[in-house]
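Peer 1: got a predicted structure plus its sequence, pasted below:
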Amino acid sequence: MDNYVTGAVIRSLRERKHLTQEELAQQLFVSGKVVSKWETGRGFPDISLIEPLAAALGISVIELLNGSCIQNNNRAANIGKSEFYVCPVCGNVIRTVGAAVVSCCGITLPALEAEPADADHAIRVETVEDEYYVTVPHPMEKQHHISFLAAVSDQSVRFVKLYPEGSAEAWFRINRVKAVYAYCNRHGLFQLDLRKKKNAAP
């Protein structure tokens with residue numbers, strides 16, 4: 001596969017169908033914010049959504065995929081601001097430090113943009129001796145699941161790959177961890193800033 005559906009194609013076809021981002025999102029059981037990310041090149045629809053997306057837009061899957069590759073523009077960053085990339089075709093997860101152009105399955109990938117953890121993607125952190133026990137109360141179904149958890153410090157990134165039918169949980173050493181991330185294959189990357197959490201504690 002040389003090409004994957006682009007944001008410009010999704011937006012053009014959505015507008016041709018006279019659908020708002022929210023109306024398209026409702027048909028796909030995702031949020032309007034997720035559709036906005038697709039259309040602005042800040043994310044890709046998961047491969048499981050390609051067929052229903054094509055149906056919602058009134059075209060075939062092949063027509064939908066007949067777009068052009070997306071080039072991402074990454075920011076230079078230190079390890080504490082590492083970027084994550086997820087291939088929507090094979091699910092491969094890639095992490096970089098600093099500027100990079102990342103591709104997988106012939107697709108140039110954009111860096112994931114983390115949203116604050118919300119009610120549907122709550123990241124729970126419990127301190128047990130010198131470790132954080134991280135859990136996310138989220139479905140772990142084949143079509144909708146948490147794909148990975150990661151803990152980022154100013155010195156390292158610790159990463160745990162998760163799989164459908166398993167548990168959305170992981171253990172991380174506390175040492176210098178500043179933020180914990182959870183990636184939902186349908187809704188994207190979510191972050192819990194532990195520095196804010198500590199500052200808010202009584």
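Peer 2: Yes, it's here.

Peer 1: ok, Ser60 to His138 distance?
Peer 2: Counting by Cβ to Cβ, to the nearest Å, the gap from Ser60 to His138 is 32 Å. The way it works is simple: take the backbone N, C-alpha and C, and place the C-beta from them, glycine included.

Peer 1: these two - which one has more neighbours?
Peer 2: Legend: neighbour count by other Cβ atoms under 10 Å for Ser60 and His138, higher for His138 (19 against 12).

Peer 1: doesn't that one lie inside a strand?
Peer 2: No: counting by DSSP: H, G, I helix; E, B strand; the rest coil, one finds His138 to be coil, located in no strand.

Peer 1: so for stretch 114-125, mean pLDDT?
Peer 2: Across stretch 114-125, the average pLDDT comes to 95.

Peer 1: over to it now: how far is its first residue from its last?
Peer 2: 18 Å (Cα to Cα, to the nearest Å).

Peer 1: cool, stretch 126-145 as well?
Peer 2: Stretch 126-145: ends 21 Å apart by Cα to Cα.

Peer 1: got the buried residues for it?
Peer 2: 132, 134-136, 138, 140, 144-145 (16 or more other Cβ atoms under 10 Å).

Peer 1: state which helix of this structure is the longest.
Peer 2: In the chain, assigned by DSSP state H, the helix with the most residues is helix 7-16.

Peer 1: using CSV, write out every CA atom in the next helix or strand after that helix.
Peer 2: Downstream of helix 7-16, the first helix or strand assigned by DSSP states H and E is helix 21-28. Output in CSV follows, covering the C-alpha atoms of helix 21-28 (Å, rounded to 0.1, in the frame of the first residue of the first chain):
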residue,chain,number,x,y,z
GLN,A,21,-17.6,16.7,11.4
GLU,A,22,-19.9,15.8,14.3
GLU,A,23,-22.4,14.0,12.0
LEU,A,24,-19.7,11.9,10.4
ALA,A,25,-18.2,11.2,13.8
GLN,A,26,-21.6,9.9,15.1
GLN,A,27,-21.8,7.4,12.2
LEU,A,28,-18.4,6.1,13.1
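
Peer 1: helix or strand: which one has Ser167?
Peer 2: Here Ser167 is assigned to no helix or strand, by DSSP H and E.

Peer 1: any chance you could map the helices in the chain?
Peer 2: Using DSSP H, helices in the chain cover 7-16, 21-28, 32-39, 50-57, 61-64, 194-200.

Peer 1: save these as TSV, and put in distance to Thr127, mean pLDDT and mean neighbour count too.
Peer 2: As requested, the helices of the chain are arranged in TSV below (distance: least, Cβ to Cβ, whole Å; pLDDT from 0 to 100; neighbours: other Cβ atoms under 10 Å):
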stretch	distance to Thr127	mean pLDDT	mean neighbour count
helix 7-16	40	90	17
helix 21-28	37	96	16
helix 32-39	31	95	20
helix 50-57	41	92	17
helix 61-64	46	76	14
helix 194-200	10	68	11
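
Peer 1: for His121, find the nearest of those helices.
Peer 2: Closest to His121 of the helices of the chain is helix 32-39 (Cβ to Cβ; 11.9 Å).

Peer 1: cool, thanks, talk later.
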